[in-house]
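>>> fold the following and give me the result.
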Amino acid sequence: MSRELKFNVFTMNTVSHVNQGIWRHPENKTVLHNELETWIELAQLAERGRFDAIFLADGAGLGGDFGGSWDIYPERGLMFPIGDPLMLVPAMVQATEHLGFIYTSAPIQHPPYSFARSAATLDHLSRGRIGWNIVTNASANAHRNVGLDGLVEHDKRYTIAEEYLEVVYKLWEGSWDDDAIIRDVANGVYADPSMVHKIDHSGEFFRCEGPLQVAPSPQRTPMLFQAGGSDVGRNFGVRHAEGIFVMSDTPTDAARVVQDMRARARDAGRAPETLQFFQGLTFVVGSTMKEAEEKAAALDEYLDPVAAMAYRGGFMGIDFATVDPDTPLKELIKAADGIQGPLKLFIDKQPAGANPTVRDLSAFFGAKYRVVGTPESIADELNEWASAGIDGINMISIVTPGTYRDFIDHVVPVLQDRGLMKREYAPGTLREKLFGGGPRLPEWHPAAQYRTTSKVAVQ
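Below is the predicted model of the structure:
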């Protein structure tokens, strides 16, 4: 029996995101990422196709050097330049009615008060269609851009993120009682001051007096996404996230990740079914398999394999241009002070006793998480991911907006006929659309402890 999947557009306000070099394709509008019309067109297309959200990745600094230099970033347009994703959201909100917007931000990018204020404002303006992808940022350059000496050690970044979340939870959930705003025109009283509270947070990394100046938004706390693949990252995810972004190689690999994360959730005292998993995939659609394969081969002509390896290494904090291809990957785990998850995922999926090397990793990255086929064969494969426990797809662009248009025009009707995709949007906020229940975080969530009133039902 088919299980309905959710779908997000996964993109970035940049020239070249995941598929490096594809910006050179004549139909790719990512080179026009600074033009508002590009984003309005994409948002309206996604809503026409009944996608759930646009998921905006971000990078607040350059990745690691490649060959001892950062020249490759501007030279190859490798996630450079990048515009602020937050600035795109209000315009796309205005152009849509139901589509959600999930944007990426790390603790180093904005002080917790500033971030909480911006997110709450957007949640108001969108009537509750905002989500936050929580990252810890593995770029040393990003850390130096905000005055730090360099990249903070991997596990410590999660310790900082824990306190950052504590502060924003206090601001969103604890600054205002639900019925603080009374709008008493006769007596000239807008809000009851006894129901508005300073948070007086003083911790190891942050101090914040509060209260949040923005009144409670429809969701209070935006819907929460996370994508950490290391042990500490996964434990962080099961404590805080509602949606988990995964990049598994096959449905079988995804099933192992889902099983592991649900077990961690159970151990943490959380109902495992409250986690939803979103797999990153992209698609090349043809009316026949031969046509799809020919389209894929034509697209491959624009890919830049050197930039692709620089892109992967930049995330991990490893300069692959200077590493012997026969180096065992296990030797690089400790050196990868950036994102450890992809390395660990690849190592763990090898047969017992195997000792994969950098050379093997290069071939693994070449898979590109791409599904090539007819609408019917793509629907078959998506059903396999759903059967493995995946709840949704973060759909990676190859050519923008053509990749999404092909999928919406040809694959979506097949998915809808098979019960794998909705035909109409559910009412309510992003959280209600994706999870049902109420607009607020549930009572088991760590944010709930900071609430000062429970008069609004939380499911």
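
>>> show me where pLDDT drops low in the stretch 251-400 of the chain?
314-315, 317, 325, 333-346, 349-352, 358-368 (pLDDT under 70).

>>> which stretches of it form strands?
276-285, 370-373, 392-396 (DSSP state E, counting those that start in this stretch).

>>> quick one: list the elements packing against the second one.
If I follow you right, that is strand 370-373. Where contact means 3 or more C-beta pairs under 8 Å, 6 or more residues apart in numbering; DSSP states H and E, strand 370-373 is packed against strand 276-285, helix 289-300, helix 375-387. No exception for glycine: its C-beta is placed from N, CA and C like everyone else's.

>>> go through the ones you listed and name the closest to R207.
R207 lies closest to strand 276-285 among the helices and strands packed on strand 370-373, at 34.1 Å (C-beta to C-beta).

>>> what would the helices and strands packed on strand 370-373 look like in a markdown table with distance to H110 and mean neighbour count?
Listed next are the helices and strands packed on strand 370-373 as a markdown table, based on distance: least, C-beta to C-beta, whole Å; neighbours: other C-beta atoms under 10 Å:
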| stretch | distance to H110 | mean neighbour count |
| --- | --- | --- |
| strand 276-285 | 24 | 23 |
| helix 289-300 | 36 | 15 |
| helix 375-387 | 34 | 18 |
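
>>> and the helices in the stretch 151-300 of the chain?
154-174, 231-240, 251-267, 289-300 (DSSP state H, counting those that start in this stretch).

>>> coming back round to it: and the strands of the stretch 251-400 of the chain as JSON lines, adding distance to E27?
Shown next, in JSON lines, are the strands of the stretch 251-400 of the chain (distance: least, C-beta to C-beta, whole Å):
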{"stretch": "strand 276-285", "distance to E27": "14"}
{"stretch": "strand 370-373", "distance to E27": "18"}
{"stretch": "strand 392-396", "distance to E27": "17"}
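
>>> so which of those gets nearest G67?
strand 392-396 (26.3 Å).

>>> tell me the spacing between E41 and L299.
E41 sits at a distance of 20 Å from L299 (criterion: C-beta to C-beta, to the nearest Å).

>>> over to D58?
25 Å.

>>> correct me, but C208 touches S114?
No. Look at C208 against S114 with C-beta atoms under 8 Å: they stay out of range, at 10.2 Å.

>>> looking at the helices of the stretch 151-300 of the chain, which one is packed in the most?
Burial of the helices of the stretch 151-300 of the chain is given as mean neighbour count (mean count of other C-beta atoms under 10 Å); helix 154-174 ranks first at a mean of 21.

>>> and that one, what other elements does it pack with?
By 3+ C-beta pairs under 8 Å, 6+ apart, helix 154-174 packs against helix 112-125, strand 201-202, strand 207-208, helix 231-240.

>>> of C208 and S114, which one has the most company?
More neighbours surround C208 than the other of C208 and S114, with 21 against 10 (other C-beta atoms under 10 Å).

>>> and for P107, the neighbour number?
P107, neighbours per other C-beta under 10 Å, totals 25.

>>> isn't there a helix covering V9?
No. Going by DSSP: H, G, I helix; E, B strand; the rest coil, the assignment for V9 is strand, not a helix.

>>> so what's it up against?
Neighbouring residues of V9 by C-beta atoms under 8 Å, 6 or more residues apart in numbering: L42, A46, F51, A53, I54, F55, M395, S397, Y404.

>>> what about the residues you listed, which are in helices?
Using DSSP state H, L42, A46, Y404 are the members of those that sit in helices.

>>> need the helices of the stretch 151-300 of the chain in JSON lines with distance to P107, can you?
Output for those, formatted as JSON lines (distance: least, C-beta to C-beta, whole Å):
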{"stretch": "helix 154-174", "distance to P107": "4"}
{"stretch": "helix 231-240", "distance to P107": "12"}
{"stretch": "helix 251-267", "distance to P107": "22"}
{"stretch": "helix 289-300", "distance to P107": "37"}
